[in-house]
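> Quick one: sequence plus predicted model below, questions after.
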Amino acid sequence: MHKPKQIDFDTAASVPVAALTAWQGIFDHGNLSSGQRILITGASGAVGSMAVQLAKNKGAHVIGTGSGRNEEFVRKLGADEFIDYKKSKLEEEVSGVDVVFDTVGGDMQDRAFQTLKRGCVLVSTVNPPSPEKAKEFGVTVAMVVMMPKPDQLAEINRLLESGRLEARVAKVLPLEGVKQAHQLSASGHADGKIILRP
């Protein structure tokens, strides 16, 4: 797979895992189609930001969550609605969703169940969704385990080259900054991918 001309090597390195995780979560597991409503938690993160763009490219109505400081970024990516999780209760602001794509887990995932229509799906990248909650709300749940798929990567590459998909690098650190990179990743507040460069 060649690197799209308009992006640098750091950005290109940040794309495959995040984009494939988002693709497989919303399309392979979530079966998202045009006209459906999708809720993406952690919409400004590396995987979430890819999911926003991929869902929008598919013609879905996109609702993203994040902290208020990221609203402009998430809307620029294509989100139709933005929920500031620090100011609003997700389950009071959102309902009638076809797919939840959860990149946050924990309490946010529990609340997201309440936004789904019965018979729809919640897909997580972070922790296995509760089968008990799935039964309670009458929905299907799935966990994404990203697999390398060349045909999907080729389509992602085409979207990058056409300018319909962009990647965000949060920080580029030297290899000896691995501890700092791990701490930033574990904080859940990295807005994009963290790159370690030798």
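Great, that's in hand. Numbers count the residues shown, from 1 in each chain.

> For the residue positioned nearest the centre of the chain, give its distance to residue 113.
Nearest residue to the geometric centre of the chain (Cα atoms, centre = their mean): residue 48, 2.0 Å. Here the criterion is Cβ to Cβ, to the nearest Å. By it, residue 48 lies 18 Å from residue 113. For every residue, glycine as well, the C-beta is placed using N, CA and C.

> and if you look at residue 150?
34 Å.

> If you count surrounding residues, which of those two has more?
Neighbour count, other Cβ atoms under 10 Å: between residue 150 and residue 113, residue 113 has more, with 19 against 8.

> ranges for the helices of this structure?
Ranges of helices in the chain, per DSSP state H, are 9-23, 46-58, 71-77, 90-93, 106-112, 131-137, 150-161, 178-187.

> looking at those, which is closest to residue 120?
helix 131-137 (9.0 Å; Cβ to Cβ).

> Low-confidence regions, this structure specifically.
Across the chain, the ranges flagged by pLDDT under 70 are 1-14, 168-198.

> What is the strand of greatest length in the chain packed up against?
In the chain, taking DSSP state E as the definition, the longest strand is strand 116-124. Here strand 116-124 touches strand 97-102, helix 106-112, helix 131-137, strand 140-143, going by 3 or more Cβ pairs under 8 Å, 6 or more residues apart in numbering; DSSP states H and E.

> try 6 Å
strand 97-102, strand 140-143 (3 or more Cβ pairs under 6 Å, 6 or more residues apart in numbering; DSSP states H and E).

> Turn these into CSV, including distance to residue 154 and mean neighbour count.
CSV is the format used below for these (distance: least, Cβ to Cβ, whole Å; neighbours: other Cβ atoms under 10 Å):
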stretch, distance to residue 154, mean neighbour count
strand 97-102, 22, 27
strand 140-143, 24, 17
